[in-house]
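Enquirer: structure here, sequence nowhere to be found:
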């Protein structure tokens with residue numbers, strides 16, 4: 001993987017003394033429980049990751065010690081909560097290496113962040129006949145908002161292809177770009193295939209045509225370093241709950257020049273400078289896009305989650321997951337009648353597969369009885385499933401807390417599944 005992809009697999013897997021998987025697993029209280037009398041194997045982090053105790057404690061601390069509505073409060077609790085909320089904004093800025101904290105907008109998650117861009121930027125900047133390019137691998141959250149804009153404005157949506165291994169076809173993407181291309185919106189990493197797209201090249205080609213680029217970073221930001229300045233990306237989105245943080249909080253990064261040109265996505269309190277019944281003057285960014293009471297405790301938790309992964313090191317996490325992905329791919333490849341979807345050259349820790357003649361939901365249900373949690377179905381990517389000619393897959397997605405024992409348990413569980421369907 002090249003350095004300029006901004007999700008970097010660096011170095012080899014650290015030794016036990018440097019990366020203590022046993023200690024890390026102890027940081028996650030939920031992993032100590034049993035399911036159906038079996039110790040829990042959690043392989044669904046791509047849907048939502050489990051939370052370390054430090055994140056749980058941060059949310060608890062907020063409610064027990066500092067909770068109050070933020071901004072404009074003149075009493076101490078509000079001032080402390082406001083300071084923590086804005087400190088988290090700075091922490092996110094440093095985490096993804098943005099230029100200014102004002103370029104960080106807090107949202108409910110990556111889905112709302114994409115909808116914000118589609119509505120606030122797309123509706124004002126797009127005209128009938130303009131083009132938005134997506135990829136074959138997109139999550140519904142990066143498809144449906146653009147279809148809604150298409151219905152309202154009459155834009156054209158083009159689809160960048162992939163090959164059967166799940167590699168993004170850069171040359172074919174370049175052929176799609178035209179003088180009418182205005183926005184390119186693609187996943188930094190696929191939530192189904194794990195494919196890490198060649199985002200630096202995508203951005204370079206899009207910018208050369210005068211288009212802006214939105215990257216759905218929900219799956220990428222948790223697996224390695226992201227540098228939005230190095231990428232020169234226009235918009236970047238991710239969710240806190242996949243980054244070992246709380247649900248209900250996410251991030252939209254946008255270049256300040258673009259954010260300043262956009263109308264608000266929602267109206268309400270805290271996003272205004274002044275209001276009369278005749279006219280409203282909107283606040284500057286980031287407040288302009290944060291109407292209403294935000295997820296205050298979520299900011300405490302997101303701050304703790306960023307501290308947690310940063311203390312371990314994103315390159316260390318990436319190296320651990322890369323080694324585990326190689327092991328899991330090898331072991332799954334040894335299972336008869338099992339087919340893996342997505343074996344791209346650059347991958348995050350996500351493996352989707354099927355067992356011949358066995359429905360994914362049956363596989364997931366039987367694995368659950370063995371204490372193994374995997375995701376089954378279309379993974380909010382039905383167009384990709386249709387392209388493969390399938391209705392769904394089983395998806396095992398890796399987190400910082402997974403180890404080879406988890407993979408071995410998965411393989412044993414799959415053999416039990418096969419035995420039941422002989």
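Expert: Now that the structure is in, tell me what you want to look at. Predicted model only: the values in this text are computed from it and were never measured. Numbering: from 1, shown residues only.

Enquirer: I'd guess residue 325 is in a helix, am I close?
Expert: Yes - secondary structure assignment places residue 325 in a helix (DSSP: H, G, I helix; E, B strand; the rest coil).

Enquirer: quick check: it touching residue 344?
Expert: No - using Cβ atoms under 8 Å, residue 325 makes no contact with residue 344, being 11.5 Å away. The C-beta positions use only the backbone N, C-alpha and C, and glycine is treated the same way.

Enquirer: who touches both of the two?
Expert: Listed contacts common to residue 325 and residue 344 are residue 194; contacts here mean Cβ atoms under 8 Å, 6 or more residues apart in numbering.

Enquirer: how close does residue 86 sit to residue 241?
Expert: 21 Å (Cβ to Cβ, to the nearest Å).

Enquirer: same question but for residue 297, I mixed them up
Expert: 13 Å.

Enquirer: what do the two both touch?
Expert: In the contact map built from Cβ under 8 Å, 6+ apart, no residue is linked to both residue 297 and residue 241.

Enquirer: where do the strands sit along the stretch 101-250 of the chain?
Expert: Under the criterion DSSP state E, counting those that start in this stretch, strands of the stretch 101-250 of the chain are mapped to 104-107, 131-135, 156-160, 181-187, 212-216, 235-239, 250-254.

Enquirer: can you redo these as TSV with distance to residue 42 and mean neighbour count?
Expert: Compiled in TSV, the strands of the stretch 101-250 of the chain are given as follows (distance: least, Cβ to Cβ, whole Å; neighbours: other Cβ atoms under 10 Å):
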stretch	distance to residue 42	mean neighbour count
strand 104-107	26	25
strand 131-135	28	23
strand 156-160	33	17
strand 181-187	23	25
strand 212-216	23	26
strand 235-239	18	29
strand 250-254	22	28
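
Enquirer: TSV for those, including mean pLDDT?
Expert: As requested, the strands of the stretch 101-250 of the chain are exported to TSV (pLDDT from 0 to 100):
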stretch	mean pLDDT
strand 104-107	98
strand 131-135	98
strand 156-160	98
strand 181-187	98
strand 212-216	98
strand 235-239	98
strand 250-254	98
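
Enquirer: closest to residue 33 out of these?
Expert: For residue 33, the closest of the strands of the stretch 101-250 of the chain is strand 235-239, at 24.2 Å, according to Cβ to Cβ.

Enquirer: quick one: low-confidence parts of this structure?
Expert: 1-18 (pLDDT under 70).

Enquirer: right, so of the strands of the stretch 101-250 of the chain, which gets closest to residue 289?
Expert: Proximity of the strands of the stretch 101-250 of the chain to residue 289 was assessed by Cβ to Cβ; the nearest stretch is strand 104-107, lying at 4.7 Å.

Enquirer: what pairs with that closest one, parallel or antiparallel?
Expert: For strand 104-107, the paired strands and their directions (DSSP bridges) read strand 250-254 (antiparallel).

Enquirer: domain assignment for the chain?
Expert: Listed by automatic domain parsing, the domain ranges of the chain are 3-52+313-420, 56-310.

Enquirer: ranking those domains by burial, who's on top?
Expert: Mean neighbour count (mean count of other Cβ atoms under 10 Å) peaks for domain 56-310 among those, with a mean of 20.

Enquirer: how far off centre is that one?
Expert: With Cα atoms, centre = their mean, to the nearest Å as the basis, domain 56-310 stands 10 Å off its chain's centre.

Enquirer: now do stretch 51-63
Expert: Mean-position distance between stretch 51-63 and its chain equals 21 Å (Cα atoms, centre = their mean).

Enquirer: need the contact partners of that stretch.
Expert: Contacts with stretch 51-63, where a contact means Cβ under 8 Å, 6+ apart, come from 27-30, 81, 84, 244-246, 296-298, 300-301, 303-305, 307-308.
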